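# 3D model of this:
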Amino acid sequence: MQLTLWTYEGPPHVGAMRIATAMEKVHYVLHAPQGDTYADLLFTMIERLPKRPPVTYTTFQARDLGSDTAELFKNAAREAYERFAPEAMMVGASCTAELIQDDPGGLARALNLPIPVVPLELPSYQKKENWGAAETFYQMVRHLAKPRTTFSEGSQPPSCNILGPTALGFRHRDDLREITALLTRMGITINVVAPLGATPADLARLADADFNVVLYPETAMQAATWMQKNLGLPSTKTIPIGAQATREFIAEVAQLAGIDVDPALEDAASRAPWYARSVDSTYLTGKRVFVFGDASHAIAAARVAAEELGFEVVGLGTYSREFAREIREAAKKYGIEPLITDDYLEVEARVAELSPELVLGTQMERHIAKRLGLPCAVISAPVHVQDFPARYSPQMGFEGANVLFDTWVHPLMMGLEEHLLGMFKDDFEFHDGASPSHLGKGGAPRAMPLQADAIVSPQVARETDPANSGEMHPAWAPDAEKELSKIPFFVRGKARRNTERYAKDHGVPTITLDTLYDAKAHYGR
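The predicted structure follows:
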């Protein structure tokens, strides 16, 4: 284990909670001390669900360790069944309770409850949240799914299961709505959506579908693989993020369903491809982008950035070690070294080293980018409350491609707008003290806004920190500082860092105009 300020994933029992919270008529009895009940807040405060997760904690305390904690678990499981009357129950232990080895699965079996009880063995000190969610969903499917007993006639439309959406998932609610509408337009009926909104009875009839649509491999691929082997259900491999991937997804689904793909592709409509080719977007071509997140979103985002928006992918990584192979294969396409780590400090160091013009990542990378003064857009969990918007905002499908374009491009557009404001800040009509032109000469002067240059960047703050006084930090001559201010603010930090690095390497104590231009020529080779 590692002591850290931030973590990309929680322990595996949080993944199990995501499955339980997503499903209906299911209850999770978790052998855990009082402190482990914090996980409720992830769903009620971050995702803003109107009800708390269907989880009962044994909440043993230190004084209970000298008595019978096993009996404490049995009482909690029995009371949970009587109070909530679930159709199925999951039982397991948190990372703390795992150490006392009470065997929740065996204890629950001894109760002889008249419902299916699914024991979860989630090694908290070797695995993490996404693995816990995948293992939990797999165990639920394995225990509850039944072989197909009825077969549809040829005249009936093809049907599929949609697998993967969970509670606390990044835009899962909106992705599900977008892909459901897409499949419906193709003439495909939806048999079961799981785990989000599914009941144990729904899992029992998974085999009635003709194939599975896997939206999130991190949580659904293990269960889909088992169903392909044991129930004969093939599954999709394409993740429909981006306009091109959505077209490929439609073609793959049409092949599995045995239908004509042309009508579905003719109905395809997204504004993102044209917007990306439009005149006011061409200046974005070649922008350097760093991508980090769960493997599926990171790989898809890198493809959209490179192939649909014309960005240059300079960094690609994931915290999902189970999908390290897929990330390495994707990184080869861009000729870069993949970053596979769950240490946010390593990610921050790589971002600072690469100095990209846009960061696409999780909420961790949003904080990192803010400290480094870089534009950022969130593409993957873990996320915070603002990434569960009230509006419809999918990442998948053709509407998702539109959302991606807006979300990724607007930080760069705003950078240009801020630069133009900076260029004209001394103009007689636009300077900070000028009154709005439509009010005439007698209009009230506008409030003095905070200038971008007045914000001390973390880089500058570190350099002025007395703790770093042993290292030489070149001073800036006034004319060089003035020239630096003419550079667009969204690349000004990179220009400052490169110039100061050049001055340090060449022993220049004061940065002048000549030093600024020499550094520009040096790094422009």
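# contacts, neighbours, all on C-alpha from now
OK.
# okay, the helix or strand where residue 360 lies in CSV with CA atoms only?
Using DSSP states H and E, the element containing residue 360 is strand 358-361. Output of strand 358-361 as CSV, limited to C-alpha atoms (Å, rounded to 0.1, in the frame of the first residue of the first chain):
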residue,chain,number,x,y,z
LEU,A,358,-3.9,20.8,-23.8
VAL,A,359,-4.4,18.2,-21.1
LEU,A,360,-7.1,15.6,-21.4
GLY,A,361,-7.5,13.6,-18.2
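# Residue 136: how many residues sit nearby?
Residues lying near residue 136 (other CA atoms under 10 Å) number 30.
# likewise the one 10 residues further on?
The burial count assigned to residue 146 is 16, neighbours taken as other CA under 10 Å.
# Report the contact partners of it.
Applying CA atoms under 8 Å, 6 or more residues apart in numbering, one finds that residue 146 lies in contact with 204-207.
# try 7 Å
Contact analysis of residue 146 by CA atoms under 7 Å, 6 or more residues apart in numbering lists 204-205, 207.
# Over to residue 369?
For residue 369, the contact set (CA under 7 Å, 6+ apart) comprises 359, 375-376.
# any chance you could map the helices in the stretch 201-350 of the chain?
Assigned by DSSP state H, counting those that start in this stretch, the helices in the stretch 201-350 of the chain fall at 217-230, 243-257, 262-266, 272-277, 295-303, 324-334, 344-354.
# and those helices, which is most packed in?
Each of these was scored by mean neighbour count; the highest is helix 295-303, a mean of 24, by mean count of other CA atoms under 10 Å.
# Just put the helices of the stretch 201-350 of the chain in CSV and tack on distance to residue 309 and mean pLDDT.
Putting the helices of the stretch 201-350 of the chain into CSV (distance: least, CA to CA, whole Å; pLDDT from 0 to 100) gives the following:
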stretch, distance to residue 309, mean pLDDT
helix 217-230, 25, 97
helix 243-257, 11, 95
helix 262-266, 21, 76
helix 272-277, 6, 72
helix 295-303, 9, 98
helix 324-334, 15, 97
helix 344-354, 20, 95
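# Residue 179 is nearest to which of those?
When these are compared by CA to CA, helix 243-257 sits nearest residue 179, at 9.6 Å.
# about what we covered before: pLDDT (mean, whole number) over the strand holding residue 360?
For strand 358-361, mean pLDDT is 96.
# on that earlier part again, and the contacts of residue 369, which are buried?
Among those, those classed as buried by 16 or more other CA atoms under 10 Å are 359, 375-376.
# how much space between residue 150 and residue 492?
Distance of residue 150 to residue 492, given as CA to CA, to the nearest Å: 66 Å.
# Ok, residue 15 next?
Noted for residue 15: a distance of 41 Å to residue 492, by CA to CA.
# hang on, the earlier thing: C-terminal to the strand holding residue 360, which secondary structure element comes first?
According to DSSP H and E, the helix or strand after strand 358-361 is helix 363-372.
# Buried residues, that next one. List them.
Neighbour-count burial for helix 363-372, counted by 16+ other CA under 10 Å, picks out 363-366, 368-369, 372.
# Pick out the most distant pair among these.
Spatially, the most separated pair among the buried residues of helix 363-372 is 363 and 372, at 14.3 Å (CA to CA).
# Wasn't residue 29 part of a strand?
Yes: looking at residue 29 with DSSP: H, G, I helix; E, B strand; the rest coil, it is inside a strand.
# what's near enough to touch the residue nearest the centre of the chain?
Among the residues of the chain, the one closest to the centroid is residue 380, at 1.1 Å (CA atoms, centre = their mean). With CA under 7 Å, 6+ apart as the criterion, the residues that contact residue 380 are 170, 293-294, 297, 361-362.
# For beta bridges, what are the partners of residue 55?
residue 28 (DSSP bridges).
# Report the beta-bridge partners for residue 60.
In beta-bridge terms (that is, DSSP bridges), residue 60 pairs with residue 33.
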